[in-house]
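> what follows is a predicted structure for the sequence shown.
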Amino acid sequence: MPTAKHCETIHARFEIIWKFLEDKVLHPDKYLKGIKQVNILEQTVTPVGLIVEREILFDDPTFENIKELIISDKVSGQVVYRLKDNPKFEGETVNVCRPTNVVYLSQLEYSLNWKLKDVAKQETDAEEEIGRKALQLAFEEMKAVSEKAEREQYPT
């Protein structure tokens with residue numbers, strides 16, 4: 001998978017986005033299409049967030065099933081998804097939400113930092129494009145649900 005990043009300001013308060021970011025940790029199938037099954041292997045609630053180990057099984061054979069260790073930290077606004085026991089890749093995906101000077105705007109950033117374990121191999125352009133598209137789709141879904149909730153909770 002590639003290294004990819006997407007960041008933009010969205011029309012939703014930090015608290016609204018954070019609620020969805022944490023919900024996505026436990027229920028990724030609500031935010032990402034093509035998930036067949038989610039297994040929560042371990043879950044701990046901390047004073048600032050969650051620590052979760054999960055496994056995701058995908059419908060699409062393009063995506064390999066993955067196991068992740070996830071740490072959310074509301075103080076820093078970060079959710080880190082670290083790959084576990086993956087035979088092909090190592091790395092992490094990071095979601096960051098930052099409030100801005102305008103209460104109803106927040107900056108949302110998604111970054112994908114995976115690399116092949118076998119340094120002798122190189123990814124194809126098609127494989128890299130799959131990673132970029134998956135990151136973009138995940139970002140757009142989070143943006144859509146957050147902005148919708150903002151409009152419903154705080155109509156203008």
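Nice, thanks for sending it over.

> quick one: residues contacting the residue most central in space within the chain.
Nearest to the centroid of the C-alpha atoms of the chain, with distances taken as Cα atoms, centre = their mean, sits N95, at 5.4 Å. Applying Cβ atoms under 8 Å, 6 or more residues apart in numbering to N95 gives the contacts L21, Q78, V79, Y81, L108, E109, Y110, M142. For glycine as for every other residue, the C-beta is placed from the backbone atoms N, C-alpha and C.

> grab the nearest non-local neighbour of it.
Excluding the flanking residues, the one nearest N95 by Cβ to Cβ, 6 or more residues apart in numbering is V79, at 4.5 Å.

> element containing the one you found, please.
For V79, the element it lies in under DSSP states H and E is strand 78-84.

> partners of that strand, with directions?
According to DSSP bridges, strand 78-84 has the following sheet partners: strand 66-73 (antiparallel), strand 89-99 (antiparallel).

> what are the buried residues along it?
Buried residues in strand 78-84, defined by neighbour count with 16 or more other Cβ atoms under 10 Å: Q78, V79, V80, Y81, R82, L83.

> which one of those is nearest E64?
L83 (10.2 Å; Cβ to Cβ).

> which residues does the closest one contact?
Taking Cβ under 8 Å, 6+ apart, we find L83 in contact with I66, K67, E68, F89, E90, G91, E92, W114.

> please repeat the previous calculation with a cut-off of 6 Å.
For L83, the contact set (Cβ atoms under 6 Å, 6 or more residues apart in numbering) comprises F89, E90, G91.
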